[in-house]
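S.K.: sharing a model prediction with you, sequence too.
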Amino acid sequence: MKRLFFIIACVVLAMVDVKAAEPKAKCDTLYILGVGNSWTRDSMRWLSAIAKSAGCPVVVGHAYLGGSTLEQQYRGIDDESFTYPHRKVNQVVHNTYQYWLYDCSENPTKTPSKGYKNGLAGIGVTLESVVIDKPWDIMVLQPENTMRRYLKSQGGTFDLNLLVERIKKMMKPEVAAKVRCGLMVPFSYPAGNTDYRQTICDWYNKGVRPTNQEGWDALYEHIHRCIQKEIYELGASMGKNCDFYVNVGQAIYLGRQHKQLSKSGYKLQRSQNNTHLSEGLAMYIASLAYAYTLLDIKQEDVTFYPKYSKDVQLTGDRGTTDIIKVENTPALAKQARKVAWKACKR
(Lines give C-alpha, C1' and ligand atoms only; values in the text may rest on other atoms or scores of the structure.)
Protein backbone atom coordinates (compact mmCIF):
# COMPACT_ATOMS: atom_id res chain seq x y z
CA MET A 1 0.00 0.00 0.00
CA LYS A 2 2.81 2.41 0.90
CA ARG A 3 4.49 1.64 -2.42
CA LEU A 4 1.22 2.33 -4.29
CA PHE A 5 0.77 5.66 -2.44
CA PHE A 6 4.36 6.61 -3.30
CA ILE A 7 3.80 5.87 -7.00
CA ILE A 8 0.57 7.93 -7.06
CA ALA A 9 2.29 10.82 -5.28
CA CYS A 10 5.13 10.79 -7.82
CA VAL A 11 2.67 10.83 -10.70
CA VAL A 12 0.78 13.78 -9.18
CA LEU A 13 3.98 15.74 -8.61
CA ALA A 14 5.11 15.02 -12.15
CA MET A 15 1.79 16.32 -13.46
CA VAL A 16 2.19 19.50 -11.40
CA ASP A 17 5.71 20.02 -12.73
CA VAL A 18 4.55 19.55 -16.32
CA LYS A 19 1.71 22.03 -15.86
CA ALA A 20 4.04 24.62 -14.35
CA ALA A 21 6.42 24.26 -17.25
CA GLU A 22 3.76 24.88 -19.89
CA PRO A 23 3.85 28.28 -21.60
CA LYS A 24 1.12 30.75 -20.80
CA ALA A 25 -2.00 30.00 -22.80
CA LYS A 26 -2.52 32.49 -25.58
CA CYS A 27 -5.62 34.63 -25.83
CA ASP A 28 -7.75 34.74 -28.93
CA THR A 29 -6.50 37.38 -31.32
CA LEU A 30 -8.07 40.73 -30.53
CA TYR A 31 -8.63 43.46 -33.12
CA ILE A 32 -8.07 46.99 -31.82
CA LEU A 33 -8.75 50.12 -33.87
CA GLY A 34 -7.60 53.63 -32.99
CA VAL A 35 -9.17 56.74 -34.55
CA GLY A 36 -7.62 60.16 -34.05
CA ASN A 37 -4.69 62.29 -35.14
CA SER A 38 -0.96 61.54 -35.00
CA TRP A 39 -1.13 61.10 -31.22
CA THR A 40 -3.00 57.87 -31.97
CA ARG A 41 -0.02 56.76 -34.05
CA ASP A 42 2.42 57.68 -31.27
CA SER A 43 0.50 56.08 -28.42
CA MET A 44 -0.26 52.74 -30.11
CA ARG A 45 3.22 52.26 -31.61
CA TRP A 46 4.31 49.28 -29.50
CA LEU A 47 0.96 47.77 -28.46
CA SER A 48 1.09 44.79 -30.80
CA ALA A 49 4.63 43.83 -29.78
CA ILE A 50 3.82 44.25 -26.07
CA ALA A 51 0.73 42.06 -26.34
CA LYS A 52 2.52 39.37 -28.32
CA SER A 53 5.27 39.10 -25.71
CA ALA A 54 2.61 38.65 -23.02
CA GLY A 55 0.91 35.82 -24.89
CA CYS A 56 -2.08 37.88 -26.02
CA PRO A 57 -1.66 38.58 -29.74
CA VAL A 58 -3.57 41.55 -31.09
CA VAL A 59 -3.98 43.13 -34.48
CA VAL A 60 -3.67 46.88 -34.06
CA GLY A 61 -4.83 49.35 -36.65
CA HIS A 62 -5.06 53.09 -36.51
CA ALA A 63 -6.61 55.57 -38.86
CA TYR A 64 -5.15 58.98 -38.21
CA LEU A 65 -5.42 62.41 -39.73
CA GLY A 66 -2.54 64.63 -38.66
CA GLY A 67 -3.45 67.76 -36.72
CA SER A 68 -7.19 67.12 -36.89
CA THR A 69 -9.94 67.16 -34.29
CA LEU A 70 -12.55 64.44 -33.99
CA GLU A 71 -15.21 66.96 -34.93
CA GLN A 72 -13.37 67.78 -38.17
CA GLN A 73 -13.12 64.09 -38.94
CA TYR A 74 -16.85 63.65 -38.46
CA ARG A 75 -17.64 66.57 -40.75
CA GLY A 76 -15.42 65.19 -43.48
CA ILE A 77 -16.76 61.62 -43.53
CA ASP A 78 -19.57 62.41 -45.97
CA ASP A 79 -18.61 65.89 -47.16
CA GLU A 80 -15.81 65.19 -49.62
CA SER A 81 -15.04 68.89 -49.97
CA PHE A 82 -14.57 69.56 -46.24
CA THR A 83 -11.05 70.73 -45.33
CA TYR A 84 -9.17 71.82 -42.23
CA PRO A 85 -5.91 73.79 -41.95
CA HIS A 86 -2.77 71.84 -41.13
CA ARG A 87 0.82 72.98 -41.65
CA LYS A 88 -0.49 75.97 -43.56
CA VAL A 89 -2.25 73.69 -46.04
CA ASN A 90 -5.98 73.06 -46.35
CA GLN A 91 -6.21 69.30 -46.01
CA VAL A 92 -9.18 67.27 -47.22
CA VAL A 93 -10.55 64.93 -44.56
CA HIS A 94 -12.54 62.44 -46.61
CA ASN A 95 -9.79 60.39 -48.29
CA THR A 96 -6.50 61.41 -46.67
CA TYR A 97 -6.34 59.13 -43.62
CA GLN A 98 -3.13 57.23 -42.97
CA TYR A 99 -3.75 53.57 -42.09
CA TRP A 100 -1.08 51.77 -40.10
CA LEU A 101 -1.66 48.09 -39.37
CA TYR A 102 0.37 45.99 -36.91
CA ASP A 103 -0.46 42.35 -37.55
CA CYS A 104 1.07 40.83 -34.39
CA SER A 105 4.34 42.52 -35.29
CA GLU A 106 6.63 45.35 -34.17
CA ASN A 107 6.47 47.33 -37.39
CA PRO A 108 3.38 48.36 -39.35
CA THR A 109 2.34 48.17 -42.93
CA LYS A 110 1.36 51.65 -44.08
CA THR A 111 -1.32 52.78 -46.48
CA PRO A 112 -0.29 54.88 -48.36
CA SER A 113 3.06 53.14 -48.20
CA LYS A 114 5.07 56.36 -47.95
CA GLY A 115 3.21 57.51 -44.87
CA TYR A 116 1.72 60.72 -43.62
CA LYS A 117 3.14 63.40 -45.91
CA ASN A 118 1.05 62.09 -48.76
CA GLY A 119 -2.02 63.24 -46.85
CA LEU A 120 -1.18 66.88 -47.41
CA ALA A 121 -1.10 66.19 -51.12
CA GLY A 122 -4.58 64.69 -51.01
CA ILE A 123 -3.39 61.09 -51.09
CA GLY A 124 -4.63 58.61 -48.51
CA VAL A 125 -7.55 56.35 -47.68
CA THR A 126 -11.07 56.87 -46.37
CA LEU A 127 -12.02 56.11 -42.78
CA GLU A 128 -14.59 53.64 -44.05
CA SER A 129 -11.93 51.56 -45.84
CA VAL A 130 -10.11 51.17 -42.52
CA VAL A 131 -13.24 50.43 -40.52
CA ILE A 132 -14.35 47.57 -42.80
CA ASP A 133 -10.85 46.09 -43.21
CA LYS A 134 -10.93 43.98 -40.02
CA PRO A 135 -13.57 42.62 -37.60
CA TRP A 136 -12.66 45.16 -34.90
CA ASP A 137 -13.39 44.15 -31.29
CA ILE A 138 -12.34 47.46 -29.70
CA MET A 139 -12.35 51.03 -30.97
CA VAL A 140 -10.47 53.81 -29.16
CA LEU A 141 -11.20 57.44 -29.96
CA GLN A 142 -8.38 59.89 -29.28
CA PRO A 143 -9.55 63.41 -28.34
CA GLU A 144 -7.11 66.31 -28.48
CA ASN A 145 -5.60 67.93 -25.38
CA THR A 146 -8.22 70.65 -25.89
CA MET A 147 -10.77 67.98 -24.99
CA ARG A 148 -12.94 70.62 -23.34
CA ARG A 149 -14.30 71.46 -26.80
CA TYR A 150 -16.58 68.39 -26.47
CA LEU A 151 -18.02 69.27 -23.04
CA LYS A 152 -21.28 71.21 -23.02
CA SER A 153 -20.51 72.35 -19.47
CA GLN A 154 -17.37 74.07 -20.82
CA GLY A 155 -18.88 75.58 -23.95
CA GLY A 156 -18.37 72.63 -26.27
CA THR A 157 -20.91 72.06 -29.03
CA PHE A 158 -19.96 68.76 -30.71
CA ASP A 159 -21.38 65.44 -29.51
CA LEU A 160 -18.84 62.60 -29.91
CA ASN A 161 -21.72 60.12 -30.07
CA LEU A 162 -22.34 61.37 -33.60
CA LEU A 163 -18.90 60.15 -34.68
CA VAL A 164 -19.21 56.79 -32.91
CA GLU A 165 -22.61 56.05 -34.37
CA ARG A 166 -21.49 57.11 -37.85
CA ILE A 167 -18.49 54.77 -37.66
CA LYS A 168 -20.70 51.91 -36.48
CA LYS A 169 -22.88 52.43 -39.54
CA MET A 170 -19.81 51.75 -41.68
CA MET A 171 -19.22 48.40 -39.94
CA LYS A 172 -20.87 45.12 -40.71
CA PRO A 173 -23.88 44.69 -38.36
CA GLU A 174 -22.29 41.82 -36.45
CA VAL A 175 -19.12 43.88 -35.85
CA ALA A 176 -21.03 47.01 -34.82
CA ALA A 177 -23.05 44.96 -32.35
CA LYS A 178 -20.00 43.64 -30.51
CA VAL A 179 -17.42 46.42 -30.76
CA ARG A 180 -16.48 48.08 -27.46
CA CYS A 181 -15.74 51.80 -27.60
CA GLY A 182 -13.70 54.01 -25.30
CA LEU A 183 -11.50 57.09 -25.02
CA MET A 184 -7.76 57.60 -24.96
CA VAL A 185 -7.00 60.17 -22.24
CA PRO A 186 -4.72 62.74 -23.91
CA PHE A 187 -1.62 64.26 -22.35
CA SER A 188 -0.69 67.88 -21.83
CA TYR A 189 2.75 69.34 -22.50
CA PRO A 190 5.66 69.21 -20.03
CA ALA A 191 7.27 72.08 -18.16
CA GLY A 192 9.65 73.89 -20.48
CA ASN A 193 7.67 73.20 -23.64
CA THR A 194 7.88 76.10 -26.09
CA ASP A 195 4.97 75.25 -28.40
CA TYR A 196 2.70 78.11 -27.37
CA ARG A 197 -0.65 77.41 -29.02
CA GLN A 198 -3.41 79.99 -28.82
CA THR A 199 -6.04 77.25 -28.98
CA ILE A 200 -4.88 76.01 -25.59
CA CYS A 201 -5.27 79.49 -24.12
CA ASP A 202 -8.72 79.86 -25.66
CA TRP A 203 -10.03 76.71 -24.00
CA TYR A 204 -8.13 76.70 -20.71
CA ASN A 205 -7.05 80.27 -19.93
CA LYS A 206 -9.92 82.46 -21.17
CA GLY A 207 -7.90 83.37 -24.25
CA VAL A 208 -5.06 84.98 -22.26
CA ARG A 209 -1.50 84.07 -23.23
CA PRO A 210 1.03 83.69 -20.39
CA THR A 211 3.83 86.24 -20.52
CA ASN A 212 6.71 83.97 -19.49
CA GLN A 213 7.76 80.31 -19.38
CA GLU A 214 6.73 79.95 -15.76
CA GLY A 215 3.22 80.98 -16.71
CA TRP A 216 3.10 78.49 -19.57
CA ASP A 217 4.36 75.70 -17.33
CA ALA A 218 1.64 76.46 -14.78
CA LEU A 219 -0.94 76.38 -17.57
CA TYR A 220 0.26 72.99 -18.81
CA GLU A 221 0.00 71.61 -15.27
CA HIS A 222 -3.51 73.05 -14.98
CA ILE A 223 -4.53 71.47 -18.30
CA HIS A 224 -3.30 68.05 -17.15
CA ARG A 225 -5.45 68.24 -14.02
CA CYS A 226 -8.45 69.37 -16.06
CA ILE A 227 -8.08 66.54 -18.56
CA GLN A 228 -7.83 63.93 -15.80
CA LYS A 229 -11.05 65.24 -14.27
CA GLU A 230 -13.06 66.09 -17.36
CA ILE A 231 -12.45 62.85 -19.27
CA TYR A 232 -14.99 61.15 -17.02
CA GLU A 233 -17.58 63.82 -17.72
CA LEU A 234 -16.99 63.33 -21.42
CA GLY A 235 -17.29 59.56 -21.11
CA ALA A 236 -20.49 59.88 -19.09
CA SER A 237 -21.98 62.11 -21.78
CA MET A 238 -21.33 59.33 -24.31
CA GLY A 239 -23.29 56.75 -22.33
CA LYS A 240 -23.08 53.27 -23.87
CA ASN A 241 -20.52 54.53 -26.39
CA CYS A 242 -17.79 54.79 -23.75
CA ASP A 243 -16.87 51.55 -22.01
CA PHE A 244 -13.33 52.40 -20.85
CA TYR A 245 -10.57 55.01 -20.60
CA VAL A 246 -6.96 54.41 -21.67
CA ASN A 247 -5.10 56.85 -19.44
CA VAL A 248 -2.13 57.66 -21.63
CA GLY A 249 -2.08 61.19 -20.20
CA GLN A 250 -1.42 60.04 -16.64
CA ALA A 251 1.14 57.44 -17.76
CA ILE A 252 3.14 60.08 -19.64
CA TYR A 253 2.76 62.52 -16.75
CA LEU A 254 4.22 60.03 -14.26
CA GLY A 255 6.98 59.18 -16.71
CA ARG A 256 7.95 62.85 -16.83
CA GLN A 257 8.28 62.87 -13.03
CA HIS A 258 10.69 59.91 -13.19
CA LYS A 259 14.31 61.07 -13.32
CA GLN A 260 15.56 58.30 -15.58
CA LEU A 261 12.52 57.94 -17.86
CA SER A 262 12.17 61.68 -18.44
CA LYS A 263 15.58 61.68 -20.13
CA SER A 264 14.15 59.66 -23.01
CA GLY A 265 13.45 62.66 -25.19
CA TYR A 266 12.72 66.15 -23.95
CA LYS A 267 10.40 65.23 -21.08
CA LEU A 268 9.26 62.32 -23.28
CA GLN A 269 8.72 64.58 -26.30
CA ARG A 270 10.71 64.52 -29.52
CA SER A 271 12.03 68.01 -28.91
CA GLN A 272 11.32 71.07 -26.79
CA ASN A 273 8.68 72.52 -29.10
CA ASN A 274 7.28 69.30 -30.56
CA THR A 275 3.99 67.86 -29.38
CA HIS A 276 4.80 64.27 -30.38
CA LEU A 277 6.04 61.56 -28.04
CA SER A 278 9.67 60.66 -28.51
CA GLU A 279 10.58 57.33 -30.08
CA GLY A 280 11.32 54.41 -27.82
CA LEU A 281 10.37 54.54 -24.14
CA ALA A 282 7.86 57.39 -24.40
CA MET A 283 5.77 55.54 -26.98
CA TYR A 284 6.36 52.35 -24.98
CA ILE A 285 4.83 53.90 -21.84
CA ALA A 286 1.81 55.08 -23.83
CA SER A 287 1.32 51.67 -25.46
CA LEU A 288 1.60 49.94 -22.08
CA ALA A 289 -1.38 52.01 -20.94
CA TYR A 290 -3.41 50.44 -23.75
CA ALA A 291 -2.14 46.94 -22.95
CA TYR A 292 -2.89 47.13 -19.23
CA THR A 293 -6.35 48.59 -19.82
CA LEU A 294 -7.58 46.49 -22.73
CA LEU A 295 -5.83 43.15 -22.19
CA ASP A 296 -5.72 40.70 -19.31
CA ILE A 297 -2.00 41.12 -18.62
CA LYS A 298 0.17 42.37 -15.76
CA GLN A 299 3.57 44.04 -15.53
CA GLU A 300 5.43 40.77 -15.19
CA ASP A 301 3.75 39.31 -18.29
CA VAL A 302 5.44 41.79 -20.62
CA THR A 303 8.91 40.91 -21.88
CA PHE A 304 9.16 43.16 -24.94
CA TYR A 305 10.65 46.64 -24.88
CA PRO A 306 12.09 48.82 -27.67
CA LYS A 307 15.85 48.44 -27.82
CA TYR A 308 16.56 52.10 -28.53
CA SER A 309 15.23 55.56 -27.72
CA LYS A 310 16.03 58.91 -29.21
CA ASP A 311 17.49 60.96 -26.39
CA VAL A 312 17.19 64.73 -26.73
CA GLN A 313 19.93 66.85 -25.20
CA LEU A 314 19.21 70.52 -24.64
CA THR A 315 21.70 73.36 -24.89
CA GLY A 316 21.29 77.12 -24.82
CA ASP A 317 18.67 79.32 -23.17
CA ARG A 318 15.74 78.04 -25.24
CA GLY A 319 16.99 74.51 -25.62
CA THR A 320 18.60 73.72 -28.93
CA THR A 321 18.02 70.00 -29.48
CA ASP A 322 20.54 67.34 -30.42
CA ILE A 323 19.04 63.94 -31.16
CA ILE A 324 21.11 61.01 -29.92
CA LYS A 325 20.18 57.36 -30.29
CA VAL A 326 20.60 55.57 -26.97
CA GLU A 327 20.20 51.92 -26.01
CA ASN A 328 17.49 51.07 -23.50
CA THR A 329 18.15 48.68 -20.65
CA PRO A 330 15.96 46.01 -19.04
CA ALA A 331 16.02 48.02 -15.80
CA LEU A 332 14.73 51.14 -17.54
CA ALA A 333 12.04 49.16 -19.34
CA LYS A 334 10.95 47.74 -15.99
CA GLN A 335 10.56 51.27 -14.62
CA ALA A 336 8.46 52.19 -17.66
CA ARG A 337 6.17 49.23 -16.97
CA LYS A 338 5.80 50.26 -13.34
CA VAL A 339 4.91 53.84 -14.25
CA ALA A 340 2.27 52.78 -16.79
CA TRP A 341 0.82 50.20 -14.39
CA LYS A 342 0.46 52.82 -11.67
CA ALA A 343 -1.33 55.15 -14.08
CA CYS A 344 -3.75 52.41 -15.13
CA LYS A 345 -4.24 50.70 -11.78
CA ARG A 346 -7.74 49.34 -11.80
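M.R.: Received it, and whenever you're ready, just let me know what you need.
S.K.: spatially central residue in the chain, please.
M.R.: For the chain, the residue nearest the mean C-alpha position is residue 43 (2.9 Å; C-alpha atoms, centre = their mean).
S.K.: distance of that residue relative to residue 277?
M.R.: Residue 43 is 7 Å from residue 277, where distance means C-beta to C-beta, to the nearest Å. For glycine as for every other residue, the C-beta is placed from the backbone atoms N, C-alpha and C.
S.K.: okay, and the common contacts of those two?
M.R.: Taking C-beta atoms under 8 Å, 6 or more residues apart in numbering as the contact rule, the neighbours common to residue 43 and residue 277 are 283, 286.
S.K.: these two touch, right, residue 63 and residue 34?
M.R.: Yes: the criterion here is C-beta atoms under 8 Å, and residue 63 meets it with residue 34 at 7.3 Å.
S.K.: residues near residue 99, how many?
M.R.: 20 (other C-beta atoms under 10 Å).
S.K.: helix, strand, or coil at it?
M.R.: On the three-state scheme (DSSP: H, G, I helix; E, B strand; the rest coil), residue 99 is labelled strand.
S.K.: mind checking pLDDT for the closest residue to residue 176 other than its chain neighbours?
M.R.: Spatial nearest neighbour of residue 176, chain neighbours left out: residue 168 (4.2 Å); criterion: C-beta to C-beta, 6 or more residues apart in numbering. Looking at residue 168, its pLDDT is 98.
S.K.: now for the helix or strand harbouring residue 168, which elements pack on it?
M.R.: Assessed by DSSP states H and E, residue 168 sits inside helix 160-170. For helix 160-170, the elements it packs on are helix 70-78, helix 127-131, strand 138-141, helix 213-238, judged by 3 or more C-beta pairs under 8 Å, 6 or more residues apart in numbering; DSSP states H and E.
S.K.: just say which of those is most tucked in.
M.R.: Among the helices and strands packed on helix 160-170, the stretch with the highest mean neighbour count (mean count of other C-beta atoms under 10 Å) is strand 138-141, at a mean of 24.
S.K.: follow-up on the earlier one: list the contacts for the residue nearest to the centre of the chain?
M.R.: Residue 43 touches 34, 142, 184, 246, 248, 277, 283, 286, 287, 289, 290, counting by C-beta under 8 Å, 6+ apart.
S.K.: please repeat the previous calculation with a cut-off of 10 Å.
M.R.: By C-beta atoms under 10 Å, 6 or more residues apart in numbering, the contact set of residue 43 is 34, 36, 62, 140, 142, 184-187, 246, 248-249, 251-252, 277, 282-283, 285-287, 289-290.
S.K.: picking that back up, the helices and strands packed on helix 160-170 into JSON lines, with extra columns for distance to residue 180?
M.R.: Formatted as JSON lines, these follow (distance: least, C-beta to C-beta, whole Å):
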{"stretch": "helix 70-78", "distance to residue 180": "18"}
{"stretch": "helix 127-131", "distance to residue 180": "15"}
{"stretch": "strand 138-141", "distance to residue 180": "5"}
{"stretch": "helix 213-238", "distance to residue 180": "12"}
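S.K.: for residue 202, find the nearest of the ones you listed.
M.R.: Smallest distance to residue 202 across the helices and strands packed on helix 160-170 (C-beta to C-beta): 11.8 Å, for helix 213-238.
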